[in-house]
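Here is my input, please return the structure:
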Amino acid sequence: MMSFFKSLWFKCTVVLLAIAVVAGGLLAVLNNVLAVSDKERTTRAIKAIYGTEMAHEIIREYDKNLFAETNDIKYQKYENEYGEITNVYKITNETENCVDYLFKSTGINGYKGGTITLWVKLSVDYNQNYKITSIVMESFDKQTLMSKLDANYYEGFYKDIANEMQNYFTADEKDTSNTLNVATNATKSSRAGANAVNCVIKYVRDGETL
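Model (predicted):
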């Protein structure tokens with residue numbers, strides 16, 4: 001029996017187990033240290049769009065526990081056939097003639113059934129023109145050609161949606177009833193991106209809280 005504990009096989013097993021335990025502990029610590037809170041994600045998105053932090057009012061901020069406790073729609077996610085919206089913030093611009101709304105929107109039906117989550121800025125002026133003016137990619141799931149969704153692709157969504165009340169965006173060239181916006185060789189991912197934007201458009205057209 002003693003020879004077993006002195007064997008090379010046993011020593012290697014002990015070393016491997018020790019490494020596994022230490023590595024597991026380090027990963028757990030790093031996950032806590034490097035984890036990004038929802039608040040930090042929002043701050044980063046605002047900085048990416050405006051170049052600085054901006055004061056903002058919470059219109060919607062999904063929290064299932066708070067919604068269960070309060071039944072306040074502010075904490076309920078919004079869902080439709082295009083995807084879901086979990087966060088909506090009102091941001092007052094430097095000029096008095098325009099107010100921005102920032103949406104965190106996830107579009108469905110991407111490559112392999114995956115999703116794309118975007119931050120979409122909607123600017124509303126005193127004439128009630130609703131225009132998409134900026135988009136920042138937040139995250140994605142199962143998508144492999146995200147580099148194809150470049151600045152030109154996102155700028156294709158920068159339209160006054162109030163003037164196109166019957167139209168949404170599409171990545172399907174056969175869909176002539178909607179506005180085509182597709183990145184070359186990334187049709188399915190383009191569809192998820194379009195759906196994230198469409199989700200915002202339908203939110204507005206459904207008369208949801210702004």
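
Could you check how far E155 is from D63?
Distance of E155 to D63, computed by C-beta to C-beta, to the nearest Å: 33 Å. Where you see a C-beta, it was placed from the backbone N, CA and C, and this is true even at glycine.

those strands in this protein, which residues are they?
57-61, 78-80, 83-92, 98-107, 115-125, 130-141, 169-170, 179-180 (DSSP state E).

is it possible to export those to CSV including distance to V197 and mean neighbour count?
Listed next are those as CSV, based on distance: least, C-beta to C-beta, whole Å; neighbours: other C-beta atoms under 10 Å:
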stretch, distance to V197, mean neighbour count
strand 57-61, 17, 16
strand 78-80, 12, 18
strand 83-92, 10, 20
strand 98-107, 7, 23
strand 115-125, 6, 22
strand 130-141, 7, 18
strand 169-170, 6, 24
strand 179-180, 10, 16
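
Can you lay out the ones you listed as a markdown table showing distance to I46 and mean pLDDT?
Compiled in a markdown table, the strands of the chain are given as follows (distance: least, C-beta to C-beta, whole Å; pLDDT from 0 to 100):
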| stretch | distance to I46 | mean pLDDT |
| --- | --- | --- |
| strand 57-61 | 12 | 94 |
| strand 78-80 | 20 | 97 |
| strand 83-92 | 7 | 94 |
| strand 98-107 | 7 | 95 |
| strand 115-125 | 8 | 95 |
| strand 130-141 | 9 | 95 |
| strand 169-170 | 24 | 96 |
| strand 179-180 | 27 | 93 |
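
Hmm, L145 and A186 touching each other?
Yes - counting by C-beta atoms under 8 Å, A186 touches L145, with 4.2 Å between them.

the more surrounded of the two?
A186 (23 against 15; other C-beta atoms under 10 Å).

before we move on, back to that, look at E155 and D63 and report which has more neighbours.
The residue with more neighbours, out of E155 and D63, is D63; 16 against 13, by other C-beta under 10 Å.

That one - nearest residue in space that isn't next to it in sequence?
Y75 (4.5 Å; C-beta to C-beta, 6 or more residues apart in numbering).

where's that neighbour relative to R60, distance?
For Y75, the distance to R60 - C-beta to C-beta - is 8 Å.
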